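> Sharing a model that was predicted from the sequence below.
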Amino acid sequence: MRGEAVKFLKNLRGEVKIISHNDVDGICSLAIMLNFLKKRGIREEHEVTKVPIEKLDKSRTMIFLDINTDNALKFASENSLIIDHHQFSKKPGISFYNPVETDEKSYIPASYLVYEVCSELENMEEVKWIAAVGVIGDKGDENSELCRKFVDSFENKEELDLISDYIFSATLVEQEGGYEEILKILLEAKSSNEVIQEPYFKECYDTIQNEISKSKNKIEREGNIIFVEVISPYNIKSIVASHILEKNKNIIVVSYSAFEDSYNISTRTNTGINLGKIVKKIAGLCGGDGGGHRKAAGAKIEKKKLSVFKEEFISEVEKFGK
Ligand SMILES: [Mn+2]
């Protein structure tokens, strides 16, 4: 729980390796943690990674941020800390903080959790806005009362929304890497307003907006499920899914893009169904891996198993409806 995380950080000395998710929430979590470590004079090395982690060089002391608790546990050393908000099945024997432990329906993005924990030991006021950007990136403000209040407490909420989109666009344009540039901008900015002026972010944002407007999508509908194949060199399937979701009530969106021998799949919903659970189960049947949250989950499956995935998905959703 939270106390364990505070204690871990309080006793931290020397050097630590941080592993963080390569999405907006993960990058913001990392930026806040780096600011904290600098204040404490702790040396660090960090790695921003796609999930699930497949390979990782272990270090003596490690901190995992916004990485699925079950997945992180496979790579953690004995002296590690996990701060996460994904659904998990096995309680770690190491220090961890994941509010899902005590409230299955809790949805508080990691950026907020990191900010909260670090604030118990240092004054983190100057990076509070980064926590809000991370929360927005993971739609925490739409799925948690606490997060909504947190984000609403900022006068410049629109600015923070835009920064979240900026970071997201930069991660899509750069594909691998580019994270150092993003971290540098976040950590060197004296305020969120400075970030808005960044030409690098603006350029990435325009590239992605342009790509969304010209992308070719193939849409099929089955009951309240919308399947959409997104054809684009950029990984914009989750934006496309979110856009469709915004325009429809009581719906489940499954968007997918081919990549080499696999399909990468994003699912989003505004219904009460638990997508994390369903996607994890079906991805396993399709020679892949997957999971996530109740309202948003992802998977990577074998290319030839796409029709199996769809069939199984439809049948799981039907079971839920009964
Ligand atoms: Mn997250």
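Everything's here; your move. Numbers count the residues shown, from 1 in each chain.
> Could you pick out the residues of this structure near the ion for me?
Selection of the chain residues close to the ion by C-beta under 5 Å from the ion yields D25, D66, P109, A110, D138. The C-beta positions use only the backbone N, C-alpha and C, and glycine is treated the same way.
> How many residues are close by the closest residue in space to the fourth one that isn't next to it in sequence?
I take that to be A110. Closest residue to A110 in three dimensions, ignoring its sequence neighbours and counting by C-beta to C-beta, 6 or more residues apart in numbering: D66, at 3.7 Å. Neighbourhood size, D66 [other C-beta atoms under 10 Å]: 30.
> I'd guessed D66 sits against H21; true?
Yes: applying C-beta atoms under 8 Å, one finds D66 in contact with H21, separated by 4.0 Å.
> quick one: common contacting residues for these two?
Common neighbours of D66 and H21 (criterion: C-beta atoms under 8 Å, 6 or more residues apart in numbering): S29, A110.
> So what does the residue nearest to A110 have for phi and psi?
phi 60, psi 30 (degrees, to the nearest 10).
> can you pull the pLDDT of it?
As predicted, D66 sits at a pLDDT of 97.
> wait, what's in contact with the closest residue to the ion within the chain?
At 3.4 Å from the ion, D25 is the closest residue in the chain, using C-beta to the ion. Contacts here follow C-beta under 8 Å, 6+ apart; on that basis D25 touches D66, P109, A110, S111, G134, V135, G137, D138, G140.
> Show me the protein divided up by domain.
Domain ranges of the chain: 2-199, 215-321, per automatic domain parsing.
> Setting aside sequence neighbours, what's the nearest residue to F201?
Here the residue nearest F201, using C-beta to C-beta, 6+ apart, is Y166, at 3.9 Å.
> From P92, how far out is the closest residue to I251 other than its chain neighbours?
Distances taken as C-beta to C-beta, 6+ apart place N224 nearest to I251, at 5.4 Å, with adjacent residues excluded. Note on N224: its distance to P92, by C-beta to C-beta, to the nearest Å, is 36 Å.
> just H243 next, same as before
The value you get for H243 to P92, if C-beta to C-beta is used, is 36 Å.
> what's the answer for N35, then?
25 Å.
> could you say what helices and strands the helix or strand hosting I63 packs with?
Assigned by DSSP states H and E, I63 belongs to strand 61-65. If contacts are counted by 3 or more C-beta pairs under 8 Å, 6 or more residues apart in numbering; DSSP states H and E, strand 61-65 sits against strand 15-21, helix 24-40, strand 79-83.
> Turn these into a markdown table, including distance to Q209 and mean pLDDT.
Supplementary listing: the helices and strands packed on strand 61-65 in a markdown table, determined by distance: least, C-beta to C-beta, whole Å; pLDDT from 0 to 100:
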| stretch | distance to Q209 | mean pLDDT |
| --- | --- | --- |
| strand 15-21 | 24 | 97 |
| helix 24-40 | 16 | 97 |
| strand 79-83 | 32 | 97 |
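> which stretches of the protein aren't confidently modelled?
175-177, 322 (pLDDT under 70).
> Identify each of the strands in it and give its residue range.
15-21, 43-49, 61-65, 79-83, 95-97, 216-222, 225-231, 252-259, 262-269, 289-292, 296-302 (DSSP state E).
> helices or strands next to the fifth one in the packing?
In this case it means strand 95-97. Packed against strand 95-97, as judged by 3+ C-beta pairs under 8 Å, 6+ apart, are the following elements: helix 2-11, strand 79-83.
> Going along the chain, name the helices of the stretch 151-300 of the chain.
For the stretch 151-300 of the chain, the helices defined by DSSP state H, counting those that start in this stretch occupy 157-174, 179-188, 192-196, 199-214, 237-247, 275-285.
> mind giving me a markdown table with those helices and columns for distance to E44 and mean neighbour count?
Formatted as a markdown table, those follow (distance: least, C-beta to C-beta, whole Å; neighbours: other C-beta atoms under 10 Å):
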| stretch | distance to E44 | mean neighbour count |
| --- | --- | --- |
| helix 157-174 | 20 | 21 |
| helix 179-188 | 12 | 17 |
| helix 192-196 | 22 | 16 |
| helix 199-214 | 24 | 15 |
| helix 237-247 | 29 | 18 |
| helix 275-285 | 30 | 21 |
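> could you redo these as TSV and give each row distance to S307?
Output for these, formatted as TSV (distance: least, C-beta to C-beta, whole Å):
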stretch	distance to S307
helix 157-174	28
helix 179-188	35
helix 192-196	44
helix 199-214	27
helix 237-247	18
helix 275-285	12
